[in-house]
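[1] this one's structure only:
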């Protein structure tokens with residue numbers, strides 16, 4: 001899962017995230033992907049129903065809400081399988097996942113949809129051979145990653161790129177990972193790839209790599225060590241922040257060269273990460289944040305814990321645990337997060353049925369003050 005912070009955290013006043021969620025539509029299955037575009041938040045996942053206005057509404061794996069009011073919108077494309085990734089460009093929403101058809105037309109694993117109507121973009125029709133787990137927009141391109149080994153008959157190594165102007169596959173961007181790619185994030189001069197790989201472009205680089213946004217060549221000067229498979233990446237002014245699994249879970253902050261700035265540990269996997277002003281928010285399967293970065297057998301925090309259930313906040317500067325707390329329930333907990341400073345909202349998706357002390361099923365939105 002990828003998160004790009006919309007708006008400028010550096011130039012705006014530091015936002016404060018509410019402790020309780022807004023009233024919004026809810027869903028009958030997991031929300032696995034969220035993205036903002038203008039005043040709309042688009043969601044994707046395993047669901048087939050949305051709940052709003054006291055009744056159920058058919059929404060097969062894709063839906064949209066008014067970001068400011070939380071109202072369910074009529075946008076209603078139909079995918080026949082789970083959606084794992086969403087990205088947005090002007091007038092278009094890109095969806096990736098494990099589906100074969102969208103709006104009753106063949107679109108295996110990847111589709112482009114009109115952001116207003118939900119209609120398929122006929123120009124964007126590619127043959128992809130495996131599930132898409134992540135997507136991001138930047139540099140005039142759509143970048144996708146996952147179990148992607150062939151696109152339009154050509155070999156790929158877990159990732160591919162498409163031209164936003166005409167939808168064509170870009171043959172010159174072919175990074176090659178030797179394992180699944182879970183996350184992709186775009187920075188002004190680079191693209192981050194995270195996953196379960198140990199090599200990229202034939203060079204040993206474990207779980208997190210930087211490639212050129214135009215050539216796909218590996219940036220060998222970036223040498224990070226996340227220690228376990230990366231599931232989420234957030235790019236911000238101070239560097240890059242990642243969510244990892246492994247024994248327990250860890251969130252890492254790395255500088256531009258990959259040097260580790262700090263480690264944040266929990267007693268369960270961290271699946272998602274987002275930066276909101278001076279806070280780095282982590283979401284996942286955990287029930288406690290560790291007092292230090294040390295964990296032991298089965299993810300046990302060695303030096304004591306503080307309760308943080310499925311959500312935790314750390315300081316951007318040094319990774320210390322912050323008092324903000326909006327616990328979620330469930331075993332799986334939080335799977336996706338994104339923020340848009342221009343509309344002043346943070347969105348959280350997952351398998352919870354309560355969050356921040358309020359009943360809210362699988363999707364929640366918090367206001368920024």
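    Here it is on my side, so go on. For clarity, every value in this text was computed on a predicted model and none was experimentally measured. Numbering: from 1, shown residues only.

[2] roughly how far apart are the nearest residue to residue 140 once chain neighbours are set aside and residue 365?
    Excluding the flanking residues, the one nearest residue 140 by CB to CB, 6 or more residues apart in numbering is residue 164, at 5.4 Å. C-beta here means a position set from N, CA and C on the backbone, and glycine is covered the same way. Distance of residue 164 to residue 365, given as CB to CB, to the nearest Å: 27 Å.

[3] Please report how far residue 171 lies from residue 58.
    The spacing between residue 171 and residue 58, counted by CB to CB, is 39 Å.

[4] Residue 32 and residue 44 touch, don't they?
    Yes. Applying CB atoms under 8 Å, one finds residue 32 in contact with residue 44, separated by 6.3 Å.

[5] Now do the shared contacts for those two.
    Shared contacts of residue 32 and residue 44, defined by CB atoms under 8 Å, 6 or more residues apart in numbering, are found at 82, 83, 84, 97.

[6] between the residues you listed, which is closest to residue 69?
    residue 83 (23.1 Å; CB to CB).

[7] Once you drop chain neighbours, what's closest to that closest one?
    Per CB to CB, 6+ apart, closest to residue 83 is residue 44, 3.0 Å.

[8] ditto for residue 16
    Nearest in space to residue 16, with sequence neighbours left out and distances taken as CB to CB, 6+ apart, is residue 369 at 4.6 Å.

[9] Count the neighbours of the one you found for me.
    Residue 369 is flanked by 9 other residues according to other CB atoms under 10 Å.

[10] what do you get for residue 358?
    13.

[11] show me what contacts it?
    Taking CB under 8 Å, 6+ apart, one finds 20, 21, 364 in contact with residue 358.

[12] same thing with residue 266?
    Applying CB under 8 Å, 6+ apart, one finds that residue 266 lies in contact with 248-251, 282, 284, 286, 288-290, 299, 301, 308, 312.

[13] taking the residues you listed one by one, which sit in strands?
    Members of these lying in strands (criterion: DSSP state E): 249, 250, 251, 282, 284, 288, 289, 290, 312.

[14] now, among these, which is nearest to residue 184?
    Nearest to residue 184 among the ones in strands among the contacts of residue 266, with distances taken as CB to CB, is residue 251, at 18.0 Å.

[15] the residue most distant from the middle of the chain, which is it?
    residue 303 (30.0 Å; CA atoms, centre = their mean).

[16] Distance check, the closest residue to that residue other than its chain neighbours against residue 262.
    In space, and not counting its chain neighbours, residue 303 is closest to residue 292: 4.3 Å by CB to CB, 6+ apart. Going from residue 292 to residue 262 by CB to CB gives 11 Å.

[17] more crowded one of these two?
    residue 262 (18 against 12).

[18] Quick check: chain neighbours aside, which residue is closest to the more buried one?
    That would be residue 319: by CB to CB, 6+ apart, it lies 3.3 Å from residue 262.

[19] what's the spacing between the one you found and residue 254?
    12 Å.

[20] Lowest-confidence member of the contacts of residue 266, which is it?
    Across the set of the contacts of residue 266, residue 299 stands lowest in pLDDT, at 72.

[21] can you count the residues close to that one?
    21.

[22] give me the number of residues near the closest residue to it other than its chain neighbours?
    Excluding its sequence neighbours, the residue lying closest to residue 299 (CB to CB, 6+ apart) is residue 248, at 2.8 Å. Look at residue 248: counted by other CB under 10 Å, it has 26 neighbours.
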